[in-house]
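J.: make a model of this:
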Amino acid sequence: MARKNVFSRALEAAQDADSVTPDDERDTPDAERRTAPNVRYFEDSFEEQLRRTAQDIDPERISMGPVADRIDLESGLDALVDTIRESGQQVPALIRKGEDGGYIAVYGRRRILACRRLGRPVRAIVTELTQDEALIAQGLENAARLDTSYIEKALFVSRIETAGFGPNVIQRALGIDKAALSRFRSAAREIPVELIETIGAAHGAGRRQWEALRKLISADGAPSPARLQEMIDPALESSDRLSDLIAKLSSTAPAQASAPAAKVRKISRGVTLRRRGRAVTVNVSQDADQAFLDYLESELPALHEHWETRHNEE
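T.: Below is the predicted model of the structure:
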């Protein structure tokens, strides 16, 4: 039987919480121990219900869902398989019904994969959630268990947007504000996904390290994507690969003392464009319509596609 009311109430309470989880929660040990009120709401409301209402479901009937929240679901899966084999599945997964009669994972994908390997049913809650509610539950569960890294959250944001979800849903799903959302977007947009996948999840590495990498690979004279791949040492652990790559890039980065002056162009009343090297900044004064920035951001993909089409035709 699919359950809805308890999960909907918990999600509504979590969405209404005032506080947000810091986007750089792993930068310091103290920050690691903090949990936002919305996440605590989620944990308290769900945990007991999960244990009381779980069912045995054939894992082959469960698809992984439209939005991945990890770089590599298989990473470390052997240990989870051994744990479930020896001690059983302690925490149920959450799934919802699909249109084809099967099920879609909301969270607990690694538990589902582990049970598939073992050829045993997965303990899961079957619940009725909208796509938005399912996404928020997925994000809150990840935050509660602190098992996704900063860059995995950034990719999660990118995949959510690609799937067509709006910024309000994304902010509720990750428990973040607009500023953090913007930083996650920048990381996912400006650091090639192939480079991220080669480095790995880098658990323990926070925003500052990934921001340092983003700046280094965006600078004039930065190595090509192929060269960046070659610079990564696969023998190192994921977080060490990131630190090692930053150190290598920092030691070879050209001096910035003679950087060209920024060019400033007035677009209209209250709107100016500043360009320095490969960076472009649009500034909107308090007197101008702030909604223009939202409009510009939403139209940039189509504008770039139009430019590419014209460029290729020439």
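J.: quick one: low-confidence ranges for the stretch 201-314 of the chain?
T.: Counting by pLDDT under 70, the ranges of the stretch 201-314 of the chain that qualify are 253-262, 286-288, 312-314.
J.: what about the helices in it?
T.: Using DSSP state H, counting those that start in this stretch, the helices assigned to the stretch 201-314 of the chain run over residues 207-218, 225-231, 238-252, 291-313.
J.: what does the last one contact?
T.: So that's helix 291-313. 271, 282, 284 (C-beta atoms under 8 Å, 6 or more residues apart in numbering). The way it works is simple: take the backbone N, C-alpha and C, and place the C-beta from them, glycine included.
J.: which strand residues bridge the closest residue to the second one other than its chain neighbours?
T.: It refers to residue 282. Leaving aside its sequence neighbours, residue 282 sits nearest to residue 273 (C-beta to C-beta, 6 or more residues apart in numbering; 5.6 Å). Counting by DSSP bridges, residue 273 forms beta bridges with residue 265, residue 282.
J.: let's have the helices of the stretch 201-314 of the chain in CSV, adding mean neighbour count and distance to residue 67.
T.: Listed next are the helices of the stretch 201-314 of the chain as CSV, based on neighbours: other C-beta atoms under 10 Å; distance: least, C-beta to C-beta, whole Å:
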stretch, mean neighbour count, distance to residue 67
helix 207-218, 19, 20
helix 225-231, 12, 25
helix 238-252, 16, 22
helix 291-313, 10, 19
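J.: want to throw these into a markdown table with distance to residue 115?
T.: Compiled in a markdown table, the helices of the stretch 201-314 of the chain are given as follows (distance: least, C-beta to C-beta, whole Å):
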| stretch | distance to residue 115 |
| --- | --- |
| helix 207-218 | 33 |
| helix 225-231 | 35 |
| helix 238-252 | 26 |
| helix 291-313 | 39 |
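J.: among those, which comes closest to residue 194?
T.: helix 225-231 (7.0 Å; C-beta to C-beta).
J.: on that earlier part again, next, count neighbours for the residue nearest to residue 282.
T.: 13 (other C-beta atoms under 10 Å).
J.: mind listing what it touches?
T.: 264-267, 280-283.
J.: I figured residue 124 was touching residue 107, is that so?
T.: No - look at residue 124 against residue 107 with C-beta atoms under 8 Å: they stay out of range, at 10.1 Å.
J.: who's more crowded, the two?
T.: A direct count of neighbours by other C-beta under 10 Å for residue 124 and residue 107 places residue 124 higher, at 26 against 23.
J.: closest to residue 62 out of the contacts of helix 291-313?
T.: residue 282 (44.5 Å).
J.: separation between the closest one and residue 267?
T.: Using C-beta to C-beta, to the nearest Å, we find residue 282 at a distance of 8 Å from residue 267.
J.: go on, residue 137?
T.: Distance of residue 137 to residue 267, computed by C-beta to C-beta: 42 Å.
J.: before we move on, what about residue 151?
T.: From residue 151 to residue 267 the distance is 34 Å (C-beta to C-beta).
J.: likewise for residue 296?
T.: Going from residue 296 to residue 267 by C-beta to C-beta gives 10 Å.
J.: give me the common contacts of the two.
T.: Counting by C-beta under 8 Å, 6+ apart, the contacts common to residue 296 and residue 267 are residue 282.
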